[in-house]
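In: mind folding the following:
(one chain, ligands or ions: 1)
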Amino acid sequence: MASRKAIIIGCGIAGPAAAIFLKRAGYEPHIFEAQPDHDDYAGLFLNVARNGMRVLRELGVDGRIRGEGIELRAMTFRSGNGKFLGRIEDPSGEPQGYTVKRGFLHRVLREAAESEGIPVTFGRKLRDLRIDPDRVTAEFEDGSCAEGDLLVGCDGIHSITRRLIAPDAAEPAYTGLISFGGIARGVDLPPEPAQHMVFGKKAFFGYLVKRDGEIYWFGNLDYPGRPTRRELQAVPQAEWRRVIEALYRHDLHPVPEIIRKSESGIGVYPIYDLMSVSRWHKGPVALIGDAIHATSPNAGQGASLALEDALALAKCVRDSATPDQAFRRFEQLRRERVEKVVRYSRSIGRRKHAVNPVQVFFRDLMLPFFLKRAGRDSQAWLYDYRIDWNDGVN
Ligand SMILES: Cc1cc2nc3c(=O)[nH]c(=O)nc-3n(C[C@H](O)[C@H](O)[C@H](O)COP(=O)(O)OP(=O)(O)OC[C@H]3O[C@@H](n4cnc5c(N)ncnc54)[C@H](O)[C@@H]3O)c2cc1C
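Out: Model (predicted):
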């Protein structure tokens, strides 16, 4: 039988995972990435929740993430003046996930794909698609082309693939918040498998302490307009440092010290999300990951959903007669869950906006009750979702 070719656009998180699973489903994948080279040292860190860790286990790479990441079993909440507001622990006793540098996760996934003989070509930015009923041709900005039996757009929140197959689909929505963060050393804090959240006087702050003393920290700030990542990155580092130090100056230890002792540059990102894309596939072309459902980082689920998608899509391809049938089934299986997670993450983000002193008073009064309830509410729908490669989908 002639080999069936799968074109994968994007080598972030969804791309290499989808390529490996599609290879298992009998395809010959080829990954095309817009960046000129791999970016293993770029970006800050992210949380791979235990639903995403299960997919990494299926790929055989979860051990590397466990070895390198910060295990997460609890979240603690305090106000900026040090008042303890609550602690949520997972009643299952299992880790909620692992926080790991984004570049490390990218490297682990890319190396896993390469070790299976899957080619990754950098410097190929998708520009256009020619779609026939059972064939697709990708055209890249450098003028080159690739032909396949199917194509999976894993090109992230600003996906070109989405614009090409669903030009009328909603664009990502700006949440009104930017996210920033860095990595600090030399602050005397005990390592703990917990994420610490501080509702500071002016802005939200979170941090985690790794076994080797490294501190991963992040914050959120209201920011007007619709900033792009490039615009925020054009602001000099010294200016961001000045603004962020001023923002947390009046919050209690360890927040100001963590910022002062940041050794890395400060990364700054606008937070957009994407709730409901009208069209997920067209003929032999499908979208997965942030390209169809970008969730704000509040729930720590974007990477995990992208991994779940990769596994679910490849199972549908394996068990369906044509890519078109597979992609319809994939949408039936996944749409409700991913939209629910985006909504949930949005609702958490609402509590991170700046507040006036009266709102702070009521927030600090009410949050302990809210956290008690949240601790009792089951998060099983989020974390205990399972997709087994060996089960059929039909
Ligand atoms: C500040 C911030 C913090 C976050 N924190 C978390 C967290 O704690 N936990 C979590 O789970 N998620 C988090 N996320 C979300 C998470 O990063 C995404 O959900 C995840 O990266 C989605 O994976 P993806 O593969 O779909 O897209 P991406 O990881 O964005 O990968 C897309 C890839 O496609 C490439 N590409 C783009 N256009 C083209 C083109 N035209 N041609 C070829 N290639 C192209 C890109 O260069 C990129 O490599 C965070 C996001 C942000 C912004």
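In: any idea of the pLDDT on the residue nearest to Thr137 when sequence neighbours are not counted?
Out: Closest residue in space to Thr137, ignoring its immediate chain neighbours: Arg130 at 4.2 Å, by Cβ to Cβ, 6 or more residues apart in numbering. In short, each C-beta sits where N, CA and C put it, glycine included. Among the per-residue scores, Arg130 holds a pLDDT of 98.
In: now do the one 3 residues further on
Out: At Pro133 the predicted local confidence, pLDDT, stands at 89.
In: so how far is the ligand from the residue nearest to it when sequence neighbours are not counted?
Out: What sits nearest to Pro133 in space, not counting adjacent residues and going by Cβ to Cβ, 6+ apart, is Gly283, at 5.8 Å. According to Cβ to the nearest ligand atom, to the nearest Å, Gly283 and the ligand sit 19 Å apart.
In: strands paired with the one helix or strand Pro29 maps to, and their directions?
Out: Assigned by DSSP states H and E, Pro29 belongs to strand 27-32. According to DSSP bridges, strand 27-32 forms sheet pairs with strand 4-9 (parallel), strand 120-121 (parallel).
In: if we can go back for a sec, tell me the SS of the residue nearest to Thr137?
Out: Classification of Arg130 by DSSP: H, G, I helix; E, B strand; the rest coil places it in strand.
In: which residues touch it?
Out: Counting by Cβ atoms under 8 Å, 6 or more residues apart in numbering, Arg130 touches 136-137, 139.
In: how about a cut-off of 10 Å?
Out: By Cβ atoms under 10 Å, 6 or more residues apart in numbering, the residues touching Arg130 are 136-139, 145, 147.
In: you'd agree Ser115 is up against Lys23?
Out: No - using Cβ atoms under 10 Å, Ser115 makes no contact with Lys23, being 11.3 Å away.
In: who's more crowded, the two?
Out: Neighbours were counted for Ser115 and for Lys23 using other Cβ atoms under 10 Å; Lys23 has more, 17 against 11.
In: so where does the more buried one fall, helix or strand?
Out: helix 14-24.
In: coming back round to it: what's the closest of the contacts of Arg130 to the ligand?
Out: Sorting the contacts of Arg130 by how near they are to the ligand, with Cβ to the nearest ligand atom, puts Ala138 at the top with 8.6 Å.
In: can you count the residues close to the closest one?
Out: 25.
In: what score does Gly265 have for pLDDT?
Out: Gly265 is assigned 87 on the pLDDT scale.
In: can you check the one 3 residues further on too?
Out: We note a pLDDT of 94 for Val268 in this prediction.
In: checking it next. Helix, strand or coil?
Out: Quick answer, by three-state DSSP: Val268 is strand.
In: list the contacts of it.
Out: Applying Cβ under 10 Å, 6+ apart to Val268 gives the contacts 44, 178-182, 219, 221, 223, 227, 229, 231-233, 235, 237, 240, 243-244.
In: then Asp142?
Out: 123-125, 127.
In: distance from the chain centre to whichever strand or helix holds Leu311, please.
Out: Using DSSP H and E, Leu311 sits within helix 302-319. What separates the centre of helix 302-319 from the centre of its chain is 14 Å, taken as Cα atoms, centre = their mean, to the nearest Å.
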